[in-house]
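below are the sequence and a predicted model for it; my questions follow.
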Amino acid sequence: MTMRPLSLLCVTLFLVGCGSNTGLYEVSGTVTFKGAPLDHGTIRLEPEDTKEGRPGGSNIENGKFHIARERGLKPGKYRLFISSAEKGTVAVEETPGISGPPAKERIPLAFNVNSKETIEVTADGKNNFKIKIP
């Protein structure tokens, strides 16, 4: 008889624990490129402190991106990397297993592979960012 109350207590604590703050936060924002919303692309966020954080990312559609809390980020500084292929330059696979040249990247290297741009995710903030790419 004592096992049943103990089991119920364990299940209750487990369920409460699942609903509690996991330390991950929703991240969203807008990306403009040359003054207009970036029509398509991806954003990747790499933690500056790799021991504390984990990377995250999202597609960018019509200038907006969103990372849900379930896949969210821990508080801290993140370097951002944005990529967007120029339409009409997608590589065509000519021979099975051999890819053609990569699509032409529109985003300047300073926001792409050489990015030094950062954002800071906070536990008490809305974590909604406005990123402007010249």
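Looks like it arrived, so ask away. The model shown is predicted, which means the values in this text are computed figures rather than measured ones.

downstream of the helix-or-strand element of the chain with minimal mean pLDDT, the next helix or strand is which one?
Lowest on mean pLDDT, DSSP states H and E among the helices and strands of the chain sits helix 3-19, with a mean of 46. Using DSSP states H and E, the next helix or strand after helix 3-19 towards the C-terminus is strand 27-33.

how about that following strand, which residues are buried there?
Buried positions in strand 27-33, judged by neighbour count with 16 or more other Cβ atoms under 10 Å: V27, G29, T30, V31, F33. Any C-beta I mention is one placed from the backbone N, CA and C, and that applies to glycine too.

mind putting those residues into TSV with pLDDT?
Rendered in TSV, the data for the buried residues of strand 27-33 read as follows (pLDDT from 0 to 100):
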residue	pLDDT
V27	97
G29	97
T30	98
V31	98
F33	97
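
and the two most separated of the residues you listed?
V27 and F33 (19.3 Å; Cβ to Cβ).
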